[in-house]
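Novice: Here is the input, now give the coordinates:
(2 chains)
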Amino acid sequence: MRVTLERANLLKSLNHVHRVVERRNTIPILSNVLLKADGGSLAMTATDLDLEINEAVPAHVEQAGATTVPAHLLYDIVRKLPDGSEVMLSTDADGATMSVVTGRSQFKLQCLPESDFPQLAAGEFDHSFRLDSAVLRRLIEATQFAISTEETRYYLNGIYLHTAEADGDIVLRAVATDGHRLARAETKAPDGAESIPGVIVPRKTVGELQKLVDDPDVSVQIELSDSKVRLTIGSVVLTSKLIDGTFPDYQRVIPVGNDKDMVIDRKVFTEAVDRVSTVSSERGRAVKLALSDGQLTLAVNNPDSGSATEELPAGYDAEAIEIGFNARYLLDIASQLGSNEVKFSFADAGSPTLIEDPEDKNALYVLMPMRV
Amino acid sequence: MNEADVSSAFCRDCLAPATGSERRCLACGSPRMARHDELSRLSIGHVDCDAFYAAVEKRDRPELRDRPVIIGGGKRGVVSTACYIARIHGVKSAMPMFKALKACPDAVVIKPDMAKYAAVGRQVRAMMEELTPLVEPLSIDEAFLDLTGTERLHKDTPARTLARFARRVEDEIGISVSVGLSYCKFLAKVASDLEKPRGFSVIGEAEALDFLARQKVTLIWGVGKAFAAKLERDGITRIGQLQSMDETALMKRYGVMGRRLFHLSRGHDTRHVEPRGGAKSISHETTFNDDHGDAATLVPVLRSLTEKVSARLKAKGLAGKTVTLKLKDREFRSKTRNRQLSDPTQLADRIFRAALPLLENELDGTQYRLLGVGVADFAHPALADPDDLVDIEATRRAKAERAIDALRGKFGDRAVETGYTFGTGHRGRPQRDG
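Specialist: Numbering: from 1, shown residues only, chains lettered A, B, ... in the order given. As a prediction, this is how the structure comes out:
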């Protein structure tokens, strides 16, 4: 293999690709990135056996071929090469090493044979649809923070992507929950998505995807099979295994009869919660909301350090209640909403509370209260 | 303070002060004299009950007073405690029972009655707490006491207060204790071990260096078999050798342990006696009469152990985030597996559900002689077991468990059982085979 390309192109792709490679690996080949030069491009592939990323960049190929070299090492080298330079990658005759040459710098890296590199992307995909990257990004950001990290309930370690019927329309929905809070975001189902099976996209894949959809004007192709998802974003192809499990029936978690509504200025509310929670302890973080006619009182009481209260005007005319929440969860949710106001619907101090954006019906949140 | 309080010697039996170098008390004739130059200044004590379980049994069964007594479980179990008569025959704690019985065939073997020992332990603890609020229990039968500043309260020196305490435990509870007195925790604990049973040993600042220099490195807290072997490979067996080495060199070689070696070898120990620094984890384990490797036998045992751990967590108002499973195979190889929970728990149901897959993963045909389960990583109990949005069944099971607890509290532990343990004999324990 002998190929020359611009350092900027190589760096941008390696930046995407190398993140998938785990820092510690028991299987040596998984530390490597697969380089494949063919036609007018260099394709790079990295995998952790659950997730594979592939990206091709334009390159001048003198001699087609393929090899694998340590991914983090190659990335670190390319990162330090001078701006605007051209990089030549070439394997030696017996394929044991690959040279990286730029100007007067020359590196030699140990290679592992391309044939040892695991193939994850292969297989048939039965469903295919396209989504604007901005819409996909919105679905991810509105739900990602609620993904669970709990080992025992592995089926909560991802975003549940599926279709549902809402007001006569078919919608594409993303749902995540960790048992304390639940986030649901939806968009009108695009063509081809109407009949997809419900799938759970793992947390790491969601994280990588989120970094790849920052360009707003790209259409992302999403393909699904029973066990895998393939996402094509411009020149990047992300293939991931899905979590093999059943996502719980989240619909029954979303309260329907909560009749005590509060509407409050989002910014005022967020800042006040942040302020009073300063005195809460790391392990506690509970903030008490006391609601009465037109008024919300936030209170934090930490026996170790002190207490704080703050009174805010609030749109509330139901009977007075007191209810406690984890302050961080309140802030996480409030920061996801786009409009000036937040709407809370309470039932009682022990039941799930519904949180919505009054102007955006495409996202909703459910939060479990804490004992205070 | 009067003359006697500042004296450097007194009789441990009648507490009469001694003035000269008499070998017996001038008042009562007892040879048990406490004498040390720093006696009136030292205030960190370590109290350890002598052959605790055996002593309690002998107290309750006076006919056993002059016979060797071993406390331990079953023919496969190990020795928990051997009385001093059995120890003369070479019986030691943690010795397999068959070996102990070979060494001392006429020993009386008694199965441990933990509830009874715990009650006696609490009695002793309560007496300690009358002396000072700074009592740090290390186990059921030993504790550190910081008596600094209690002279006015007890109108006596810490040394005499402790001697009086030892006499009171003998008189009122009927077991004996050994006392170590020093200026730091490390040496107080070392001292209490010097002169068992009924000991009263003092290590002062003046002789600490010389005393330590002669001792083996294993005396240092944290130096076990493996680490001692490592030190021996480096030519270090006595604490004296450590005293001449510098801190940086020790830390380079042994990391944080090096720092500990440096300080403790010189008798520097700045740890405080901390009343609540007790348990960091709660666990229960059981050794089987026969080895087992099948789920049908082990799962009920796991459930039963889990319930015991949970009961103690609930009783102490604790909740933990890490569940640990412990197994020991035929060749005495131990393995532990653990799992993090998303929220701290004290419920048997949650502990069991976390431990069960850990156990199932290890059931590959290996035969196990021991199974244990524990909970660690304690958090504030107010954060324990929040209701879950998704797992409604878990919330219902939690309610059921609280109801079972209430019934057991009213009608006894055997009143209600789960299907896991029901019908499997002694609350999950495999049937004994003789």
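
Novice: got the residues of the stretch 1-150 of chain A near chain B?
Specialist: Proximity of the stretch 1-150 of chain A to chain B, by CB under 8 Å from any CB of the partner chain, involves residues A:148-150. Quick note: C-beta positions are derived from backbone N, CA and C, even for glycine.

Novice: For A:Lys188, grab the count of nearby residues.
Specialist: As a burial measure, A:Lys188 scores 12 neighbours (other CB atoms under 10 Å in any protein chain shown).

Novice: From A:Leu161, how far off is it?
Specialist: For A:Lys188, the distance to A:Leu161 (CB to CB, to the nearest Å) stands at 15 Å.

Novice: returning to what we had before: which one of the residues of the stretch 1-150 of chain A next to chain B has the most neighbours?
Specialist: Counting neighbours by other CB under 10 Å, the top entry in the residues of the stretch 1-150 of chain A next to chain B is A:Ser148, with 21 neighbours.

Novice: Surely that one touches A:Gly179?
Specialist: Yes: at 6.6 Å, A:Ser148 counts as touching A:Gly179 under the criterion of CB atoms under 8 Å.

Novice: tell me, what's touching these two both at once?
Specialist: Common neighbours of A:Ser148 and A:Gly179 (criterion: CB atoms under 8 Å, 6 or more residues apart in numbering or on different chains): A:156, B:342.

Novice: Which single one of the residues of the stretch 1-150 of chain A next to chain B is nearest to chain B?
Specialist: Using CB to the nearest CB, A:Glu150 comes nearest to chain B of the residues of the stretch 1-150 of chain A next to chain B, at 4.1 Å.

Novice: Report the contact partners of the nearest residue to the closest one once chain neighbours are set aside.
Specialist: Ranked by CB to CB, 6 or more residues apart in numbering or on different chains and with sequence neighbours excluded, the top spatial neighbour of A:Glu150 is B:Ser342, at 4.1 Å. B:Ser342 makes contact with A:148-150, A:178-179 under the criterion CB under 8 Å, 6+ apart.

Novice: One more pass at 10 Å, please.
Specialist: Contacts for B:Ser342 (CB atoms under 10 Å, 6 or more residues apart in numbering or on different chains) come out as A:148-153, A:156, A:178-180, B:321, B:386, B:388.

Novice: How confident was the prediction at the residue nearest the centre of chain B?
Specialist: Nearest to the mean C-alpha position of chain B, by CA atoms, centre = their mean, lies B:Ser139 at 3.0 Å. Looking at B:Ser139, its pLDDT reads 87.

Novice: Quick check: beta-bridge partners of it?
Specialist: When bridges are called by DSSP bridges, B:Ser139 pairs up with B:Glu142.

Novice: ok, it touching B:Tyr53?
Specialist: No: in this structure, B:Ser139 is not within contact of B:Tyr53 by CB atoms under 10 Å, at 11.6 Å.

Novice: how close does A:Gln63 sit to A:Asp38?
Specialist: In terms of CB to CB, A:Gln63 sits 10 Å off from A:Asp38.

Novice: what do the two both touch?
Specialist: Shared contacts of A:Gln63 and A:Asp38, defined by CB under 10 Å, 6+ apart, comprise A:1, A:3.

Novice: which of those two has more neighbours?
Specialist: Using other CB under 10 Å as the criterion, A:Gln63 and A:Asp38 rank with A:Asp38 on top: 15 against 10.

Novice: Who are the contact partners of the more buried one?
Specialist: Counting by CB under 10 Å, 6+ apart, A:Asp38 makes contact with A:1, A:3, A:56, A:59, A:61, A:64-66.

Novice: tell me which residues of stretch A:217-228 are tucked away?
Specialist: A:218, A:220, A:222-224, A:228 (16 or more other CB atoms under 10 Å in any protein chain shown).

Novice: got a list of what the spatially closest residue to B:Lys196 that is not a sequence neighbour touches?
Specialist: Excluding the flanking residues, the one nearest B:Lys196 by CB to CB, 6+ apart is B:Ser178, at 4.7 Å. Counting by CB under 10 Å, 6+ apart, B:Ser178 touches B:46-50, B:142, B:166, B:191-201.

Novice: of the residues you listed, buried ones?
Specialist: Neighbour counting by 16+ other CB under 10 Å classes B:46-50, B:142, B:166, B:191-192, B:196-197, B:199-201 among the contacts of B:Ser178 as buried.

Novice: Just name the closest of the residues you listed to B:Ser21, please.
Specialist: Ranked by distance to B:Ser21 (CB to CB), the buried ones among the contacts of B:Ser178 are led by B:Phe200 at 17.5 Å.

Novice: List the beta-bridge partners for the closest one.
Specialist: Going by DSSP bridges, B:Phe200 forms beta bridges with B:Val179.

Novice: Centroid-wise, who is the farthest residue in chain B?
Specialist: B:Val390 (41.1 Å).

Novice: List the residues that contact the nearest residue to A:Ile254 once chain neighbours are set aside.
Specialist: Leaving out its chain neighbours, the residue that sits closest to A:Ile254 by CB to CB, 6+ apart is A:Val366, at 5.6 Å. A:Val366 makes contacts with A:146, A:177, A:180-184, A:250, A:253-255, A:258, A:333, A:345, A:352-356, B:389-390, as judged by CB under 10 Å, 6+ apart.

Novice: What is the burial count for residue 126?
Specialist: All of this is about chain A. 11.

Novice: hm, I was asking about chain B
Specialist: The number of residues packed near B:Ala126 is 10, by other CB under 10 Å.

Novice: Check B:His292 too.
Specialist: The burial count for B:His292: 18, using other CB under 10 Å.

Novice: Tell me the one of the residues of the stretch 1-150 of chain A next to chain B nearest A:Val101?
Specialist: Nearest to A:Val101, judged by CB to CB, of the residues of the stretch 1-150 of chain A next to chain B is A:Thr149 at 43.4 Å.

Novice: thought that closest one was touching A:Ala176?
Specialist: No: between A:Thr149 and A:Ala176 there is no contact, the gap being 11.4 Å when judged by CB under 10 Å.

Novice: Now the common contact residues for the two.
Specialist: Counting by CB under 10 Å, 6+ apart, the contacts common to A:Thr149 and A:Ala176 are A:156-157, A:203.

Novice: Now cross-check those against chain B and list the overlap.
Specialist: Counting by CB under 10 Å from any CB of the partner chain, A:Leu156 from the shared contacts of A:Thr149 and A:Ala176 sit close to chain B.

Novice: Buried subset of the shared contacts of A:Thr149 and A:Ala176 as a ChimeraX selection?
Specialist: Buried residues among the shared contacts of A:Thr149 and A:Ala176 (16+ other CB under 10 Å), as a ChimeraX selection:
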select /A:156,157,203
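
Novice: Can you add pLDDT and secondary structure and give the shared contacts of A:Thr149 and A:Ala176 back as a markdown table?
Specialist: As requested, the shared contacts of A:Thr149 and A:Ala176 are exported to a markdown table (pLDDT from 0 to 100; DSSP: H, G, I helix; E, B strand; the rest coil):
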| residue | pLDDT | secondary structure |
| --- | --- | --- |
| A:Leu156 | 95 | helix |
| A:Asn157 | 95 | coil |
| A:Arg203 | 95 | helix |
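
Novice: and which of the shared contacts of A:Thr149 and A:Ala176 is nearest B:Arg397?
Specialist: Comparing those against B:Arg397 with CB to CB picks out A:Leu156 as the nearest, at 18.0 Å.

Novice: Now do the contacts for the closest one.
Specialist: Per CB under 10 Å, 6+ apart, neighbours of A:Leu156: A:146-150, A:176-179, A:200, A:203, A:243, A:245, A:247-248, B:342, B:390-391.
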